[in-house]
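A.B. asks: model this:
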Amino acid sequence: MALAEKRQAEKTRYFERFSLNRRIQHIVLMFSFTLLVITGLPVRYSDSQISATIIQIMGGFTARAILHRVGAVILICLAVYHVIHTALTHEGRNEFRALLPRWKDFTDLFHMLKYYFALAKSKPKFDRYNYIEKFEYFAVGWGSVVMILTGFILWFEDKSINILPLWALDVARAVHSWEALLAFLTILIWHMYHVHLKPGHFPMDRVWIDGKISEDKIKHNHPLEYERIVNQAEKNENAIIAK
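C.D. replies: Numbers count the residues shown, from 1 in each chain. Just a heads-up that it's a prediction; the model follows:
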């Protein structure tokens, strides 16, 4: 049985879904986000004994603050790099265009709801990114902007108070805290389920590691992209034959 499965795996075709550049960006984001959560949430829940233990393991409040700022700097550098890569590279521009919301995303959402309630016989056909993946991408972008701006206000509180009214610091502190909690829960529940835990992906989708997606998966999850790849391959083959 194991030999048969191995042979079947060897016959399976794979397509590159994410380049090495995109995978490295994702890994850096994972690292900075995890570091920010570990060093940030204990402040929000400072009365908890668990938070006190975590802070103690990190080396105290000063060490926690330094680590939190290290995570923030990594996130800022990644955000700047991502914007530059998106604007100045062919890959970046193509990926961004594929992630832009379109009217089809709204019709796909309603089609999927109909499917869930047995009012449609099949799921909608998705392209390279579905409406959930697009929402996650822009949610991360918006959340990063909010966290960076409010983080700067809190980081340089002495200077901020000379420019901004006192209530602005209170708002920044509240927004920073609640946005952090929202991001943590979104990644823990929403992202982990859709990427790794739902049927067809469990126990983990390896695309973030090797960037590859199997032919079966791309057919099932991104049929429009698969059709475009096949059609382009046929055109290229015909062009070679014609020469």
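
A.B. asks: can you give me every residue that contacts Val140?
C.D. replies: Taking CB atoms under 8 Å, 6 or more residues apart in numbering as the contact definition, Val140 lies against Leu29. Where C-beta positions appear, they are placed from N, C-alpha and C, glycine not excepted.

A.B. asks: in a strand, Gly128, correct?
C.D. replies: Careful, residue 128 is Arg and not Gly. No - applying DSSP: H, G, I helix; E, B strand; the rest coil, one finds Arg128 to be coil, outside a strand.

A.B. asks: how close does it get to Val80?
C.D. replies: Going from Arg128 to Val80 by CB to CB, to the nearest Å gives 25 Å.

A.B. asks: kindly report the same for Val195.
C.D. replies: As judged by CB to CB, Val195 and Val80 stand 25 Å apart.

A.B. asks: higher neighbour count, those two?
C.D. replies: Counting neighbours by other CB atoms under 10 Å for Val195 and for Val80 shows that Val195 has the greater number, 17 against 10.

A.B. asks: neighbours of the nearest residue to the more buried one once chain neighbours are set aside, how many?
C.D. replies: Taking CB to CB, 6 or more residues apart in numbering as the measure, Val195 lies nearest to Asp205, with 5.5 Å between them; neighbours along the chain are not counted. When neighbours are counted by other CB under 10 Å, Asp205 registers 18.

A.B. asks: so Asp205 is in which element?
C.D. replies: Asp205 is part of no helix or strand when elements are defined by DSSP states H and E.

A.B. asks: check Ile213 too.
C.D. replies: Here Ile213 sits within strand 212-214, counting by DSSP H and E.

A.B. asks: what's the offset of that strand from the middle of its chain?
C.D. replies: Strand 212-214 sits 18 Å away from the centroid of its parent chain (CA atoms, centre = their mean, to the nearest Å).

A.B. asks: good, wrapping up.
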